[in-house]
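3D model of this:
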Amino acid sequence: MEEVKQHNETHLKSSEALRDIVIGMSDGLTVPFALAAGLSGAVSSSAIIVIAGIAEIAAGSIAMGLGGYLAGKTEQDHYKSEQKKEYDEVEHLRHVEIQETKEFFANIGLSPQLQDQATEEIAKDKDRWVDFMMKYELGLEKPDPKRATKSALNIGLSYIAGGIIPLSPYFFISQSNDALKISVVATLLCLFIFGFFKSRMTGVNPLWGAIRVTLIGAVAAAAAFGVAKLFEH
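Take a look at the predicted model:
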């Protein structure tokens, strides 16, 4: 008897939470790192950099979190607006909606008879019909009502977590140039690991993805350090 081999799906099922964490963490690692590097080129006291870094992380996390909240609210408002229009069309332009529903079934290969049967069945329940049209005609998925709040928290906390890494050496080393050396090593290592796993989860070549993310952080920090040195002179 021939053995049936089990097929394991390897497709990525990306979550909205994962996307938020990637957004917050990538900016959290890069922006405070560039700020600390830039200030290290201008001042010798780590205490000043710590204060500025904490202020930047606080402001950055709030701004990023607010951006995520507004994006989530905009998505909800857009869905509600389109849903209201769809209910109005089902109520007052029923013949048009029936034709659009039939066209959908025709496009997926159903026979005319099955098109009529499927459309008639869906049109019996107004709510189900509107949900169907929202998803398959407009391509809109119903958003999570708590999505905006979750997005704000995920992005904001991820930004803080990422921002603490480049700033942490300055808490323990008084000379900024000495702290910068450790910050560079720690941050670039974290950027490499972060880029590797992010690329692996999104189906991109992990090594190239890690190198690309690391280079972006390094270039940003080097540019900030160079500008600070330039203005210092």
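
drop to CA atoms for contacts and neighbour counts, all remaining ones
Will do.

the nearest residue to Ile193 once chain neighbours are set aside - how many residues pack around it?
Taking CA to CA, 6 or more residues apart in numbering, and ignoring the residues beside it in sequence, Ile193 has Ala210 as its nearest neighbour in space, at 6.6 Å. When counting by other CA atoms under 10 Å, one arrives at 24 neighbours for Ala210.

A strand includes Ala210, no?
No. Ala210: not assigned to a strand; according to DSSP: H, G, I helix; E, B strand; the rest coil it is helix.

check contacts around Gly162.
Under the criterion of CA atoms under 8 Å, 6 or more residues apart in numbering, the neighbours of Gly162 are 24-29.

what about it, which helix or strand?
helix 147-167 (DSSP states H and E).

can I get that helix as CSV, trimmed to CA atoms?
The C-alpha coordinates for helix 147-167 follow below in CSV (Å, rounded to 0.1, in the frame of the first residue of the first chain):
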residue,chain,number,x,y,z
ARG,A,147,-6.5,47.2,16.4
ALA,A,148,-5.7,50.9,16.8
THR,A,149,-4.8,50.5,20.5
LYS,A,150,-2.9,47.2,20.0
SER,A,151,-0.9,48.8,17.2
ALA,A,152,0.0,51.9,19.3
LEU,A,153,1.2,49.7,22.1
ASN,A,154,3.1,47.2,19.9
ILE,A,155,4.9,49.9,18.0
GLY,A,156,5.6,52.2,21.0
LEU,A,157,7.0,49.4,23.2
SER,A,158,9.0,47.9,20.4
TYR,A,159,10.5,51.4,19.8
ILE,A,160,11.5,51.6,23.5
ALA,A,161,13.0,48.1,23.5
GLY,A,162,15.1,48.9,20.4
GLY,A,163,16.1,52.3,21.6
ILE,A,164,17.5,51.1,24.9
ILE,A,165,20.1,48.9,23.2
PRO,A,166,22.3,51.7,21.6
LEU,A,167,21.8,53.9,24.7
